[in-house]
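> Provided below are the primary sequence and the corresponding predicted coordinates.
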Amino acid sequence: METTQQTESKIIELKPFTDEMVVNMGPQHPSTHGVLRLELRLDGEVVREAIPHIGYLHRCFEKHSENLSYPQIIPFTDRMDYVAAMNQNWGFCLAVEKLMAADESKDFAIPERAEYLRVLICELNRIASHLLSFGTYGMDIGAFTPFLYAFRDRERLLLLFEKICGARLTYNYIRIGGVSEIIPMEPGSIDEQNYLDEIESFLDYFEPKIDEYNDLLTSNSIFSERTMGVAVMSAEMALSYGATGPNIRGSGVDWDLRRDEPYSIYDRFDFDVPVAKDIPELGAVVGDCWSRYKVRMDEMKESVRIVRQILAEGLPDGPVMADLKAVRPPKGEIYFRSEAPRGELGFYIVSDGTPKPVRLKGRSPCFSALSALQELSRGLMVADIIAIIGSIDIVMGEVDR
Amino acid sequence: MPEIFSEGFFPKINLQEGTNWATDFVRDVIIPRLPEAVAGHFPMELGTVLVMLAFAGIFVAVVPLLPLVLVLAERKVAARFQNRTGPMRVGPWGTLQTLADGIKLIFKEDYIPPQGDKLLFLLAPYIIFACSFAVFAAIPFGDGIPIPSDFNIGIFYIMAISSVIVMGVIMAGWSSNSKWSLLGSLRSAAQIVSYEIPLGLSILTVVMLVESLGMRDIVNSQSGGIFTWLIFRTPFTFIAFFIFFISSIAEVNRTPFDLPEAESEIVAGFHTEYSGMRFALFFIAEYANMFAVSAIGVTLFLGGWQGVLPGYDFLGGFPGFVIKTLGLVFMMMWLRWTLPRLRVDQLMNLCWKYFIPISFFNILGTGIWGLIFEKDDVWSIGISCAIIYVGLIGAYTVAGRNLVRKPEPQPS
Amino acid sequence: MKPEEIYKTLADKFGESILGFDTELAGDPIIQIVPSAIADVCQYLAETDTLAFDSLMCLSGVDLGAKEEELSVVYHLYAMQHRHSVVLKTSMPKTDAHLPSVSHIWKTADWHERETYDLYGILFEGHTDLRRILLPDDWEGYPLRKDYKEPDFYRGMRVPY
């Protein structure tokens, strides 16, 4: 018995792998969505390991925040996820407002009009963000045309944002206690009516476009070959890695903070939460790149639905800013999370009762989702790495903060 | 059809007589026009060489202009697909844009990676450039236009020359001393070598029917109007045409087979490290290649310079040939701006698991067809067209539904 | 389950390792835990069916200022199934900042612990790959500590400008 084992161990070791090649993908690379660096250990085209190195866009958001007052921090949140800056503003303001509301000696309520404006603008911003994700994903897979279609539509949204806050990318629009009134829009005025009409006409134009994009890219057979069944992230894995938002819904977990832990006035709107399903006749598996991508495409439709409901109701009258003397939350700490386009955006604030936070941590959804890349990419091909990065939809500004 | 293309501008030469078209040209065209005192003493050999050089000069001067036009066309076509205008600033409607780009590239720094293999690095673009232009030598542009060298092995020559391009690609990738270049060049080598097989096999079906490798013979055999074009001659050549077209897209590295230069994966593939004029050479060669394979496709399957109807010049002659070729080029551009890119393993699967078996089947089928119908006549072509028609209808009803993958909306 | 009930469960199970339950401050109530027990507590929280904390929302280091001479690590946990959340906090002296890693329980903790190590210098024992993540590998000091002084030069480049 022992002798046979010895002879067996003497059998020449099978070496199916050739020499490894270490390649640096990034920080300057066309499709790492910013300054992500991946250390790829390649065996020919097969990736044996992809180790992400981040920090090239670290701008010391947390260190800066400790030296700034709360309203001064809002522009810094813009720079986190610069693709969906409205949602970042909102997430931070929600956290501060929650902490301030804990102090019962002062009472303040966010005006109804401000809440409506916030939901309106943030849902439009979500569409803009998903459009960018759709366009760049097409480009990652090799189709250039969807990118320009997406940017054409996103341009109209950016013009809408510019009209309401004067900026196209870093808005600083949502403030603690309401929204900014830098461009005045009187309730019931002709300006407001024009603005809402413009949004309406955009939605009328945009809604059929989503189906067009689905025809162009989502149902393209080469695109589905490239993305279906690639890099399957199971629900357990997604939960464990802290993937959130479209990524976890792409893994089949029915979870949306807007519906399950409604903040602001989301409980008043009627919308569905798209969740990925197995589609055997096409080959889509829950948790693959295609599912994550498809969830985003479906979410745009839901955002359109929410915005339409607001347009149907009309904006309520009243001020857009709460009557705040000073932003000075009480001593204490809070973690508040909101549903940004890329997932659960949390802010952890430790306050000692002064106008500046002692500690502010931004829990970015991309940071957690990106950490799953190393496990997802093992054994796939170079082209699949690009497909994964695109499908988890990272923005490096948010990963590195 | 202006007569200038067939009669006046390019003098008609009888290619069957004599051993060398250039000698014939000197004897038939030049010597009668010389003064009598010189004519008797004119050395034939010198004249032959001079005529050959002159024709080569025309090609070297005229053919590189093609990519200039094609690059602009590509940009304009892409712009139309993407709801934009494309280049508009340089010249009227941006027509001089590629010229401006070319001038810019000429004056750019010619950077050579210091760690790379300098000789190979310098040589690679010339090899690719020379090979892609050498292909033009064997393409029959029109009946009256003399092919500089009308070999009896025209298509074989084209296959051979276009295979050498791989060498240039590998040299470029290796000598750049860049990992991305190396990856790109190896992808390219694998791809071109693989796709040459279905390409060659589908050419073989044509050669079997025509029983000649000469490009001129192949065109001449399609002189009876659109239904004698080789694409409709048998059902198998119909399939072979599509295999040829798709494989040739892969040969010239265009989307959906543009993996060797996939900018979102491996930056720019084998020419990542090239700059300035050397980069321009790659670029020109790519577009020249594109035109060349389309021209070969037209020659082999779509009647070459032969018109749609026998005896009429509609879509015939030199302009007809160019129109048909540009039509195929446009198809390539259309595909490029619509489709995403395949992955390496899918690319190889498509070639080895589908195209090569189908090509072998085609050869078998063409052989049997040749046994059944000894001569192409109304019957054989009629049956062929009927089979193609029925096959298309069947393919559309059966496979079409599955090909259009339309996922149902996902309810939550 | 309410945080109070979770606190009671934990206090019954782990006894002295659970230091207390803060409710006076504004915001979420916090369960204070001894640093060395954090991995066991987290394991228990994650694996008990009635608790089933399957997601770590946030892991952050805190430095409350030079006076208190203390670093803290705060864990925000959430259970998808039961839809309840809990906040764990553990504090340790600056001079000897180390505690067990929880990265084997939730993979989220992997990068978050690296980040906390990077910015606060807290060592997570049992973490497989504890390197700097946001800052360059040769950066000196831990910038989010309140007593941090930025260097004058980093590789010949002036830092404060």
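Here it is on my side, so go on.
> just the CA atoms of stretch C:141-149, as CSV, please.
Output of stretch C:141-149 as CSV, limited to C-alpha atoms (Å, rounded to 0.1, in the frame of the first residue of the first chain):
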residue,chain,number,x,y,z
GLY,C,141,1.8,58.1,11.3
TYR,C,142,-2.0,57.6,11.5
PRO,C,143,-3.7,60.8,10.2
LEU,C,144,-7.1,60.6,11.8
ARG,C,145,-5.7,60.5,15.3
LYS,C,146,-6.2,63.8,17.0
ASP,C,147,-2.6,64.2,18.0
TYR,C,148,-1.3,63.6,14.5
LYS,C,149,1.1,66.1,13.1
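> just checking that stretch against chain A, any contact.
Yes. For stretch C:141-149 and chain A, the contact criterion (Cβ under 8 Å from any Cβ of the partner chain) is met by C:Pro143, C:Leu144. All C-beta atoms are positioned from the backbone trio N, CA, C, and that covers glycine.
> buried set for that stretch?
For stretch C:141-149, a neighbour-count test (16 or more other Cβ atoms under 10 Å in any protein chain shown) marks C:Tyr142, C:Pro143, C:Leu144, C:Arg145, C:Lys146 as buried.
> can I get those residues in TSV with distance to chain B and secondary structure?
Output for the buried residues of stretch C:141-149, formatted as TSV (distance: Cβ to the nearest Cβ, whole Å; DSSP: H, G, I helix; E, B strand; the rest coil):
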residue	distance to chain B	secondary structure
C:Tyr142	35	coil
C:Pro143	34	coil
C:Leu144	36	coil
C:Arg145	40	coil
C:Lys146	44	coil
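> which residue does the stretch 151-300 of chain B have closest to chain A?
In the stretch 151-300 of chain B, the residue that lies nearest chain A is B:Ser264 (3.9 Å; Cβ to the nearest Cβ).
> confirm that residue sits in a strand?
No. Using DSSP: H, G, I helix; E, B strand; the rest coil, the assignment for B:Ser264 is helix, not a strand.
> give the contact list for the residue of the stretch 251-400 of chain B found nearest chain C.
Taking Cβ to the nearest Cβ, chain C has its nearest neighbour within the stretch 251-400 of chain B at B:Val267, 24.7 Å off. Listed by Cβ atoms under 8 Å, 6 or more residues apart in numbering or on different chains, the contact partners of B:Val267 are A:His29, A:Pro30, B:Trp180.
> same question for A:Glu45.
Residues near A:Glu45 by Cβ under 8 Å, 6+ apart: A:Met381, A:Val382, A:Ala383, B:Leu183, B:Arg187, B:Val344, B:Asp345.
> are any of those residues buried, and which?
Buried by 16+ other Cβ under 10 Å: A:Met381, A:Val382, A:Ala383, B:Leu183, B:Arg187, B:Val344, out of these.
> after the helix or strand of chain C with the lowest mean pLDDT comes which helix or strand?
Each helix and strand of chain C was given a mean pLDDT (mean pLDDT, DSSP states H and E); the minimum falls on strand C:26-27 at a mean of 72. Toward the C-terminus, strand C:26-27 is succeeded by strand C:30-33 as the next helix or strand (DSSP states H and E).
> which residues are in contact with that following strand?
By Cβ under 8 Å, 6+ apart, the residues outside strand C:30-33 that reach it are A:333, C:3, C:6-7, C:10, C:17-22, C:41, C:74, C:86-91.
> so what strands line up beside it?
Paired with strand C:30-33 in the same sheet, following DSSP bridges, are strand C:18-22 (antiparallel), strand C:84-93 (parallel).
> deepest of these, which one?
strand C:84-93 (a mean of 19; mean count of other Cβ atoms under 10 Å in any protein chain shown).
> now find how far off-centre that strand is within its chain.
Centroid separation between strand C:84-93 and its chain, computed with Cα atoms, centre = their mean, to the nearest Å, is 7 Å.
> pLDDT of it, averaged?
Strand C:84-93 comes out with an average pLDDT of 86.
> CA-only coordinates of that strand in PDB, if you can.
C-alpha atoms of strand C:84-93 as PDB (Å, rounded to 0.1, in the frame of the first residue of the first chain):
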ATOM      1  CA  HIS C  84     -33.000  45.000  13.700                       C
ATOM      2  CA  SER C  85     -29.700  46.700  14.200                       C
ATOM      3  CA  VAL C  86     -27.300  47.200  17.000                       C
ATOM      4  CA  VAL C  87     -24.200  49.300  17.600                       C
ATOM      5  CA  LEU C  88     -21.200  47.800  19.300                       C
ATOM      6  CA  LYS C  89     -18.400  50.000  20.600                       C
ATOM      7  CA  THR C  90     -15.100  49.000  22.000                       C
ATOM      8  CA  SER C  91     -12.400  51.300  23.400                       C
ATOM      9  CA  MET C  92      -8.700  50.800  24.000                       C
ATOM     10  CA  PRO C  93      -5.700  53.000  24.900                       C
END
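> list the buried residues for the following helix or strand past that strand?
For strand C:84-93, the succeeding helix or strand toward the C-terminus, using DSSP H and E, is strand C:98-100. For strand C:98-100, burial by neighbour count (16+ other Cβ under 10 Å) applies to C:Leu99, C:Pro100.
> could you pull out the strands for the chain?
Went with chain A since none was named. In chain A, the strands defined using DSSP state E lie at A:21-25, A:37-43, A:46-53, A:174-175, A:178-179, A:332-340, A:343-351, A:357-363.
> I was thinking of chain C, sorry if that wasn't clear
Using DSSP E, the strands of chain C run over C:18-22, C:26-27, C:30-33, C:55-63, C:70-79, C:84-93, C:98-100, C:123-125, C:153-154, C:157-158.
> worst average pLDDT in those strands?
Mean pLDDT is lowest for strand C:26-27 among the strands of chain C, at a mean of 72.
> who's in contact with the closest residue to C:Pro151 other than its chain neighbours?
Leaving aside its sequence neighbours, C:Pro151 sits nearest to C:Val159 (Cβ to Cβ, 6 or more residues apart in numbering or on different chains; 5.5 Å). Applying Cβ under 8 Å, 6+ apart to C:Val159 gives the contacts C:Glu150, C:Pro151, C:Asp152, C:Phe153.
> who in the stretch 201-350 of chain A is up against chain C?
Within the stretch 201-350 of chain A, the positions adjacent to chain C are A:237, A:239-242, A:253, A:255, A:260, A:329-335, A:337, A:344, A:346, A:348, A:350 by Cβ under 8 Å from any Cβ.
> mind redoing it with 10 Å?
A:235-244, A:248, A:253-255, A:260-261, A:329-337, A:344, A:346-350 (Cβ under 10 Å from any Cβ of the partner chain).
> just the buried ones among these, please.
A:235, A:237-244, A:248, A:253, A:255, A:261, A:329-337, A:344, A:346-350.
> so B:Ile192 is in contact with B:Ile165, correct?
Yes. Using Cβ atoms under 10 Å as the test, B:Ile192 is close enough to B:Ile165 to be in contact (7.1 Å).
> got any residues that touch both of these two?
Listed as contacting both B:Ile192 and B:Ile165 by Cβ atoms under 10 Å, 6 or more residues apart in numbering or on different chains are B:Glu251, B:Val252, B:Asn253.
> which residues does A:Arg337 contact?
Neighbours of A:Arg337 in contact, by Cβ under 10 Å, 6+ apart: A:91, A:94-95, A:244, A:257, A:261, A:263, A:343-348, A:363, A:365, C:57-58, C:76, C:78, C:85.
> who's the nearest residue to C:Arg145 once chain neighbours are set aside bridged to?
Nearest residue to C:Arg145 in three dimensions, chain neighbours excluded: C:Asp63, at 5.1 Å (Cβ to Cβ, 6+ apart). Note on C:Asp63: beta-bridge partners by DSSP bridges are C:Leu71.
> next, count neighbours for B:Ile372.
If you count neighbours by other Cβ atoms under 10 Å in any protein chain shown, B:Ile372 ends up with 9.
> next, B:Asp258: phi, psi?
Phi and psi for B:Asp258, reported as degrees, to the nearest 10, are phi -90, psi 30.
> does the residue nearest to it when sequence neighbours are not counted count as helix, strand or coil?
Using Cβ to Cβ, 6+ apart and skipping the chain neighbours, the partner closest in space to B:Asp258 is B:Arg341 (6.0 Å). Of the three states, B:Arg341 takes coil under three-state DSSP.
> that older thread, could you report the pLDDT at the residue of the stretch 151-300 of chain B closest to chain A?
On the pLDDT scale, B:Ser264 gets 71.
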